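>>> Make a model of this:
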Amino acid sequence: MTPLLQVTDLTKHFPIRSGAFRSGGFRSGGGVIKAVDGVGFSVDAGQTLGLVGESGCGKSTTGRLLMRLLEPTSGSIRLDGREISELRGSDLQEYRRRVQMVFQNPSSSLNPRQSVGSAIAAPLLAQKITPPGGVKARVRDLMDRVGLRPDHYNRFPHEFSGGQKQRVGIARALALDPQLIICDEPVSALDVSVQAQVINLLEDIQRDTGVAYVFIAHDLSVVKHFADRVAVMYLGRIMEHGDTEEVFRSPRHPYTRALLSAVPQADPAADRGGRIRLVGDLPSPADPPRGCVFRSRCPVHPRLDAEQRELCSGEVPRRDIACHHTEAVAAALTAATR
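Numbering: from 1, shown residues only. Modelled structure (predicted):
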């Protein structure tokens, strides 16, 4: 069965520019920022993939590549088996209808001079779609669907709370009945109680419509309860990818283990002895470590023998766990956190 979305060896490099401005732009200073470097995953219809990692790991850039807001340096993105980089004209317009996005900041993603009704209607007008009953009736239905009062159609964004603005963004994404929605940290700017309401809304929408999500987040507790599968990113690459329950129950990559150990515990009596603290700063994406990009911060790497450490400096296989020594890592971290 062909997945709805198939991403293979996706790469996005940004050239480093410096020097005086010339007619053709800034003179190149050499080198590139490897924002996304060989990412691959798939999403089935009606499924949620959680894309997680610390700030700067490339997850939001990946979302923009999926939307074709950015053009990839290399790699493949296929929707229902069709390569999206080849789409032009009406085919690209159809892709825009099938794939939508909910942005992180609900305030900056809405035009302050445009009423919320006009914002939700914009995709319909851009696609020249007139739904039964008219555009205004469709917008009112969408507002009701996401928990907004339809009679607030003519109000402006500044008259709404952060959670209400994000509901406007969700309604706008739903306007064209998409098959896939890219959610770029849609709840990170909201209060905790409002986060739960928005997550519940997204779950209800998925249950009713069968839409698939790529859910970009740094809050692992949200991803644990919302995503079917999870991909953990670090420095532009995926470190571990698998079923959410399995990854959270038995993480195998040391970076995944470190992330999960940092999740706050609600129980004050809970044992916090298993916290894994990473040392050192995040390497520059312009000059990542050769081979395993995590080895410079890996808590197990210094304990490996010379032959094993040399293996870490070589190419990491393209697999669900980007680590040469998963068994050694499991044993070492288990012993260290007892």
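>>> make it CA atoms for all contacts and neighbour counts henceforth
Fine.
>>> Residue 282 and residue 54, how far apart?
The spacing between residue 282 and residue 54, counted by C-alpha to C-alpha, to the nearest Å, is 10 Å.
>>> Quickly list what's touching both of these two.
Here residue 282 and residue 54 share no contacting residue, scored by C-alpha atoms under 8 Å, 6 or more residues apart in numbering.
>>> Now for residue 327, how many residues are close by?
Using other C-alpha atoms under 10 Å, residue 327 has 11 neighbouring residues.
>>> i'd like the first residue to be 14 from this point on
I'll keep to 14 as the first residue from here, and by that count the last item is residue 340.
>>> I'd assumed it was in a helix, is it?
Yes - Residue 340 sits within a helix when classified using DSSP: H, G, I helix; E, B strand; the rest coil.
>>> Quick check: it vs residue 89, distance?
32 Å.
>>> residues in contact with the nearest residue in space to residue 158 that is not next to it in sequence?
Nearest residue to residue 158, sequence neighbours excluded (C-alpha to C-alpha, 6 or more residues apart in numbering): residue 184, at 7.8 Å. Shown in contact with residue 184 (C-alpha under 8 Å, 6+ apart): 133, 155-156, 158-159.
>>> Can you flag the buried ones in these?
Listed as buried from the contacts of residue 184 are 133, 155-156, 158-159; burial here means 16 or more other C-alpha atoms under 10 Å.
>>> In CSV: these, plus secondary structure, pLDDT and distance to residue 196.
As requested, the buried ones among the contacts of residue 184 are exported to CSV (DSSP: H, G, I helix; E, B strand; the rest coil; pLDDT from 0 to 100; distance: C-alpha to C-alpha, whole Å):
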residue, secondary structure, pLDDT, distance to residue 196
133, helix, 97, 17
155, helix, 97, 18
156, helix, 97, 19
158, helix, 95, 18
159, coil, 96, 15
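>>> for these, which one is nearest residue 20?
Checking the buried ones among the contacts of residue 184 against residue 20 with C-alpha to C-alpha, the nearest one is residue 133 at 29.2 Å.
>>> Buried residues, stretch 45-65. List them.
45-65.
>>> try stretch 64-74
64-67, 69-74.
>>> Surely residue 203 and residue 177 touch.
No - with contact defined as C-alpha atoms under 8 Å, residue 203 does not count as touching residue 177 (10.1 Å).
>>> I'd like to know which elements the helix or strand harbouring residue 103 is packed against.
Taking DSSP states H and E as the definition, residue 103 sits inside helix 102-111. For helix 102-111, not one helix or strand is in contact under the criterion 3 or more C-alpha pairs under 8 Å, 6 or more residues apart in numbering; DSSP states H and E.
>>> again, only using 10 Å
helix 129-139, helix 175-187, strand 193-197 (3 or more C-alpha pairs under 10 Å, 6 or more residues apart in numbering; DSSP states H and E).
>>> So what's the gap between the shortest one and the chain middle?
Averaging C-alpha coordinates over strand 193-197 and over its chain gives two centres that are 8 Å apart (C-alpha atoms, centre = their mean, to the nearest Å).
>>> how much does the very next helix or strand once past it deviate in direction from helix 175-187?
As assigned by DSSP H and E, the chain's next helix or strand after strand 193-197 is helix 205-222. Inter-element angle recorded for helix 205-222 and helix 175-187: 20 degrees (by axes from the mean of the first three to the mean of the last three C-alpha atoms, to 10 degrees).
>>> right, and the helix or strand after helix 205-222?
Next along from helix 205-222, by DSSP H and E: strand 225-230.
>>> Partner strands of that next one, with direction?
strand 61-65 (parallel), strand 193-197 (parallel) (DSSP bridges).
>>> coming back round to it: export the helices and strands packed on helix 102-111 to CSV and tack on distance to residue 327?
Below are the helices and strands packed on helix 102-111 laid out as CSV (distance: least, C-alpha to C-alpha, whole Å):
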stretch, distance to residue 327
helix 129-139, 47
helix 175-187, 43
strand 193-197, 33
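>>> The ones you listed: which one's closest to residue 242?
strand 193-197 (14.7 Å).
>>> how does this protein divide into domains?
18-31+45-123+190-256, 266-349 (automatic domain parsing).
>>> Could you look over those and pick the most buried one?
Neighbour counts (mean count of other C-alpha atoms under 10 Å) averaged over each of those peak at domain 18-31+45-123+190-256, with a mean of 19.
>>> can you pull the contacts of residue 164?
Residues counted as contacts of residue 164 (C-alpha atoms under 10 Å, 6 or more residues apart in numbering) are 130, 153, 156-157.
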